[in-house]
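Asker: got a predicted structure plus its sequence, pasted below:
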Amino acid sequence: MTQLIKICFFCSLLFLISCSKQLDSEDDVEPVLVSRPITAQGRASIKHGAKLLARKQAFRNAIANISAQIGVDYSKEAILGSTKVVDEWVVDDIYHLQLLAVLSEGQVCSSPYRKRFVFTGFPIATSGQISANESQDIYSGIPREIMNILIESGGFIGQNKTHTVLFSRPDMAPEIFDASGYQNSPVIDLAQEQGAQFVVAGVIRDLEVESTEYVRGAGFFSQVKSMMRDFVARRGISIDVYVYDGSNGDLLFQHRYTDTVRGDVWVPSGYTVGSERFRSTPTGHKISKIIQLASEDIGQLFACYPFSAAIKKVENNKVYITAGSQDKIKIGDSLVVYALNSHGGMQENELIGVVNIQSVQASFSVGKMEVISDVRKIKAGDIVKSW
């Protein structure tokens, strides 16, 4: 009997060791990022000798061809962050261009230009969830801190308009209602006023503290629990973040961030979002984590988007653009010009020409159209883009 017990013990030990080795081997395997090198060609006709315009059109054609190859796994913006022109040539007034794109999961784009964001306030969807004795900085402090994190990353310029609220009905966000129905979208108006490419808005969907008026059960323990809820309570957090295209008002990003707080859920009056005192509170700590997550999501997505700015004015053959050295514009850069449609938005398919940057100041730059005759077609408010 004793010998049988020893044999069983020995077999069990061997089984445990083998399982442990199997688990260890699985833990030691690092995830491998699968890269997909893809080549594609694009081409475009050269009209009126506009080679730069044809080059930009050929580039767009190559991006579209890559997108058709890989399907919906990657957006055109994600492809842009991993492309390199490996060859280009001209035959019979046709500009040919070959791109190499190396795509992998979790890639981060590196844009040559800084994108401009304007940040608006985050109203609360249900009034009364933030008491008068709590910090009133939450409404403007959340978008302000998202802006600060994005600015510190070096790829973005932020403008603080966090005392402006886009939503007349926060509970209906992200819809923005216009009472007249004939005016431009507030998103477009704000973006044009501030010279921004994107508009960030949001809503505090939930910040409710669990009610202390109703406690399940009866007797001594329920009374103690009711009294303790004034000190140890529960609070839900739900924050919606939106990013709109400033040129046409389209909603480009929408995400809801949620969490739960237990304990001392109140944020004392005077605590500023982003401060050490704010982060030391349970609710402030959870909100700070949401701010960090939202900043990372926005930064990763919009680093890939093409840069765009507005044309400020046109004088003779000079084109003034509302972007300069602080946007990382450099002499010799070439930007594609798109016509502004009657609704204040950009017409993606109507490429007017290419502007060659010849002079750069801090907040604006001056360029010259590649084809002189095309200067007459452009006007203040038209859009220039990187591609």
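Answerer: Received, thanks.
Asker: tell me which stretches of the stretch 1-150 of the chain form helices.
Answerer: For the stretch 1-150 of the chain, the helices defined by DSSP state H, counting those that start in this stretch cover 2-28, 51-70, 76-80, 138-152.
Asker: average pLDDT for the first one?
Answerer: When you say that, I think you mean helix 2-28. Computed over helix 2-28, the mean pLDDT rounds to 45.
Asker: same thing with stretch 299-318?
Answerer: 86.
Asker: in it, what's buried?
Answerer: 299, 301-312, 314 (16 or more other C-beta atoms under 10 Å). Backbone N, C-alpha and C define where each C-beta goes, glycine included.
Asker: which two of these have the greatest separation?
Answerer: By the measure C-beta to C-beta, Gly299 and Val314 form the most distant pair in these, at 33.8 Å.
Asker: now the terminal residues of stretch 114-134, how far apart.
Answerer: 36 Å (C-alpha to C-alpha, to the nearest Å).
Asker: what about it, distance to the chain center?
Answerer: The chain centre lies 18 Å from the centre of stretch 114-134; the measure is C-alpha atoms, centre = their mean, to the nearest Å.
Asker: same check on stretch 294-314?
Answerer: Centroid displacement of stretch 294-314 relative to its chain, using C-alpha atoms, centre = their mean, is 8 Å.
Asker: now do the same end-to-end measure for that stretch.
Answerer: First-to-last residue span, stretch 294-314, C-alpha to C-alpha: 38 Å.
Asker: use 707 as the first number from now on
Answerer: Let's use 707 as the start, then, which means that last one is stretch 1000-1020.
Asker: ok, back up a step: specify which member of the buried residues of stretch 1005-1024 is nearest to Pro818.
Answerer: Phe1013 (7.7 Å).
Asker: could you find the closest non-adjacent residue to the closest one?
Answerer: Once flanking residues are discounted, Phe1013 sits nearest to Tyr819: 3.7 Å by C-beta to C-beta, 6 or more residues apart in numbering.
Asker: measure how buried the one you found is and give me the count.
Answerer: 20 (other C-beta atoms under 10 Å).
Asker: so it makes contact with Ala1009?
Answerer: No - the criterion here is C-beta atoms under 8 Å, and Tyr819 misses it with Ala1009 at 10.3 Å.
Asker: give me the common contacts of the two.
Answerer: Shared contacts of Tyr819 and Ala1009 (C-beta atoms under 8 Å, 6 or more residues apart in numbering): none.
Asker: please report phi then psi for the residue nearest the centre of the chain.
Answerer: When C-alpha atoms, centre = their mean is applied to the chain, the residue found nearest the centroid is Ile1004 (2.6 Å). Phi and psi for Ile1004, reported as degrees, to the nearest 10, are phi -70, psi -40.
Asker: contacting residues for it?
Answerer: Ile852, Leu856, Val906, Val947, Val949, Phe959.
Asker: tell me the one of these nearest Arg985?
Answerer: Minimum separation from Arg985 among the contacts of Ile1004 (C-beta to C-beta) is found for Ile852, which lies at 15.0 Å.
Asker: point out where this structure drops to low pLDDT.
Answerer: Within the chain, the stretches with pLDDT under 70 are 707-742, 777-788, 808-816, 883-889, 917-938, 1046-1056, 1077-1082.
Asker: how about the strands in it?
Answerer: Using DSSP state E, the strands of the chain run over residues 741-751, 789-797, 800-810, 821-826, 862-867, 904-912, 939-951, 957-969, 1014-1021, 1024-1027, 1040-1046, 1052-1066, 1071-1075, 1089-1091.
Asker: how about those strands in TSV, adding distance to Thr832?
Answerer: Shown next, in TSV, are those (distance: least, C-beta to C-beta, whole Å):
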stretch	distance to Thr832
strand 741-751	46
strand 789-797	46
strand 800-810	43
strand 821-826	19
strand 862-867	24
strand 904-912	7
strand 939-951	10
strand 957-969	15
strand 1014-1021	36
strand 1024-1027	43
strand 1040-1046	39
strand 1052-1066	37
strand 1071-1075	46
strand 1089-1091	38
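Asker: out of the ones you listed, which is closest to Ala770?
Answerer: Across these, closest to Ala770 is strand 741-751 (C-beta to C-beta), at 7.5 Å.
Asker: strands paired with the closest one, and their directions?
Answerer: Here strand 741-751 has these sheet partners by DSSP bridges: strand 800-810 (antiparallel).
Asker: would you mark the buried spots in the strand it pairs with?
Answerer: Going by neighbour count (16+ other C-beta under 10 Å), the buried part of strand 800-810 is Tyr801, His802, Leu803, Gln804, Leu805, Leu806, Ala807, Leu809.
Asker: okay, now the nearest residue to the fifth one once chain neighbours are set aside: neighbour count?
Answerer: In this structure, Leu805 finds its nearest non-sequential neighbour in Ala768, 4.4 Å apart by C-beta to C-beta, 6+ apart. Ala768: 25 surrounding residues under other C-beta under 10 Å.
Asker: for Ala768, give me its contacts.
Answerer: For Ala768, the residues meeting the contact criterion (C-beta under 8 Å, 6+ apart) are Ala746, Gln747, Gly748, Leu803, Gln804, Leu805.
Asker: columns distance to Asp970 on top of those, output as JSON lines?
Answerer: Output for the contacts of Ala768, formatted as JSON lines (distance: C-beta to C-beta, whole Å):
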{"residue": "Ala746", "distance to Asp970": "57"}
{"residue": "Gln747", "distance to Asp970": "63"}
{"residue": "Gly748", "distance to Asp970": "60"}
{"residue": "Leu803", "distance to Asp970": "61"}
{"residue": "Gln804", "distance to Asp970": "62"}
{"residue": "Leu805", "distance to Asp970": "56"}
